[in-house]
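In: Predicted model, plus sequence, below.
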Amino acid sequence: MATLSLTTHFTVSITDADDARTITGGSTTSADTITINHYYDQRFSVGTETLVELWSDSTATSSFDFLWIESDIAVELQLVCNEGGTLSGNNIENGWVVKTTAGVPFVLANDDSRNMGNMNGTFNEANHQSEIDTWETNWIADTIDRIECYNSSASDAANVRIFVGKA
Amino acid sequence: MANVNIYAKFDYTDADGNVYSDGSLTTAKTISITNGEIFDRTYRIESTTLTEILSDSTLSSFDFLWIESDQLAEIQLVCSQGNSAPNLVNAWVVKLNAGLPFVLHNDDSRNQGNTGALASWESTWTADTIDAIEFYHQTGTPATVRVFAVKSAS
């Protein structure tokens, strides 16, 4: 059994003359540990205005307990939970977009999310909006199935590393 | 000038001795927050109690976000809260492990535009920002949750 160590820390120094202080979180000396036995490590060159699938549960590890994605320019990631889930299956797929900052990793330590259930039996805007407000009861526990990357830059390709670990 | 200095690093050695690593604990990534605003609050949240922990009514946007809970929990991120097509609200749930922070470096996301369709999101979904974050857990033990968010002046 192998262990991945993850260390995360931030500091903010406020330099006001009469109110100087430093705010911190996390640690550089105490790591969080995650058991990893299988992994997927890939580097992509994502062309200008191009969409690329970085990971899916059908082409790499079937799930993950650790995710690290880092790009040298800002890109967008779409995370999809329960890809292909439907109204009739009471497990409508759900997706979300995160924008990264150049050189700063996007990290998850768990692939658990929720699909949108059955939207009260009817797929329409009103039920979509309503069940967003009652997600803790109407959405169903599920996992992330796919991650795509979109580089909107018209001039620069993105160099993207993805490291996925699974227990 | 004030900055958020971010350090993140992982280290992993597999069973065959292959070493994988990325990030740094000595070289920070920085986000400028000169003349910015800071939201720093620690909540005590009972089990099965849905709680809004950040919204654009308390901090209108953010350029850095740190959420850490001492209990296994879920957060819901909402983009374009309350909006209808052609800027249809979108939302997503992330599970947080106890003691492991969830970090974002900006609040940019996308609403669902005119449709809930997930395919072709890069062209049919519309750029927007995260408006609200809710927290929920079912561990049976009250959760201590720190939310730290920073908005730059610009």
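Out: In hand now; what should we look at?

In: Helix or strand next in line after the longest helix seen in chain A, which one?
Out: Assignment by DSSP state H gives helix A:125-133 as the longest helix of chain A. The first helix or strand that comes after helix A:125-133 along the chain, using DSSP states H and E, is helix A:135-138.

In: and the very next helix or strand once past that next one, what's its mean pLDDT?
Out: The helix or strand immediately downstream of helix A:135-138 is strand A:140-151, counting by DSSP H and E. The pLDDT scores in strand A:140-151 average 98.

In: Which parts of chain A are strands?
Out: Per DSSP state E, chain A carries strands over the ranges A:2-14, A:21-26, A:32-36, A:38-46, A:50-56, A:66-71, A:76-81, A:94-99, A:106-108, A:112-115, A:140-151, A:158-166.

In: Can you list the buried residues in stretch A:58-78?
Out: Neighbour counts over stretch A:58-78 (16 or more other Cβ atoms under 10 Å in any protein chain shown) mark A:60-61, A:63-71, A:73-78 as buried. C-beta here means a position set from N, CA and C on the backbone, and glycine is covered the same way.

In: that older thread, reformat the strands of chain A as TSV; add distance to residue A:127.
Out: Shown next, in TSV, are those (distance: least, Cβ to Cβ, whole Å):
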stretch	distance to residue A:127
strand A:2-14	38
strand A:21-26	38
strand A:32-36	37
strand A:38-46	35
strand A:50-56	28
strand A:66-71	31
strand A:76-81	18
strand A:94-99	14
strand A:106-108	28
strand A:112-115	14
strand A:140-151	15
strand A:158-166	34
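
In: need the contact list for the residue nearest to the spatial centre of chain B.
Out: Geometric centre of chain B, nearest residue: residue B:104, 4.7 Å, by Cα atoms, centre = their mean. Residues near residue B:104 by Cβ atoms under 8 Å, 6 or more residues apart in numbering or on different chains: A:98, A:106, B:62, B:64-65, B:130.

In: got a pLDDT number for the residue of chain A most remote from its centre?
Out: In chain A, the greatest distance from the average C-alpha position (Cα atoms, centre = their mean) is reached by residue A:18, at 40.0 Å. For residue A:18, the pLDDT comes out at 87.

In: Backbone torsions only: list them for it.
Out: phi -110, psi 10 (degrees, to the nearest 10).

In: any chance of the strands of chain A in JSON lines, with distance to chain B too?
Out: Converted to JSON lines, these look like this (distance: least, Cβ to the nearest Cβ, whole Å):
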{"stretch": "strand A:2-14", "distance to chain B": "4"}
{"stretch": "strand A:21-26", "distance to chain B": "5"}
{"stretch": "strand A:32-36", "distance to chain B": "5"}
{"stretch": "strand A:38-46", "distance to chain B": "6"}
{"stretch": "strand A:50-56", "distance to chain B": "5"}
{"stretch": "strand A:66-71", "distance to chain B": "6"}
{"stretch": "strand A:76-81", "distance to chain B": "5"}
{"stretch": "strand A:94-99", "distance to chain B": "3"}
{"stretch": "strand A:106-108", "distance to chain B": "7"}
{"stretch": "strand A:112-115", "distance to chain B": "3"}
{"stretch": "strand A:140-151", "distance to chain B": "4"}
{"stretch": "strand A:158-166", "distance to chain B": "6"}
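
In: And residue B:71, how far from chain A?
Out: For residue B:71, the distance to chain A (Cβ to the nearest Cβ, to the nearest Å) stands at 13 Å.

In: just checking, what packs against the top strand by length along chain B?
Out: Ranked by residue count and defined by DSSP E, the top strand of chain B is strand B:19-32. Packed against strand B:19-32 by the contact rule (3 or more Cβ pairs under 8 Å, 6 or more residues apart in numbering or on different chains; DSSP states H and E) you find strand A:2-14, strand A:66-71, strand A:158-166, strand B:3-13.

In: Give me the nearest residue to residue B:2, chain neighbours excluded.
Out: Distance criterion Cβ to Cβ, 6 or more residues apart in numbering or on different chains; nearest residue to residue B:2, sequence neighbours excluded, is residue B:33 at 5.2 Å.

In: Show the contacting residues for the one you found.
Out: A:12, B:2-4, B:63-64, B:150-153.

In: Show me which of those residues is closest to residue B:90.
Out: Using Cβ to Cβ, residue B:63 comes nearest to residue B:90 of these, at 20.5 Å.

In: I'd say residue B:108 and residue A:99 touch.
Out: Yes: between residue B:108 and residue A:99 there is a contact under Cβ atoms under 8 Å: 3.6 Å.

In: Please enumerate the shared neighbours of the two.
Out: Contacts common to residue B:108 and residue A:99, judged by Cβ under 8 Å, 6+ apart, are residue A:76.

In: wait, does the helix or strand that contains residue B:91 contact chain A?
Out: Here residue B:91 sits within strand B:90-96, counting by DSSP H and E. Yes: Strand B:90-96 reaches chain A (Cβ under 8 Å from any Cβ of the partner chain) through B:90-96.
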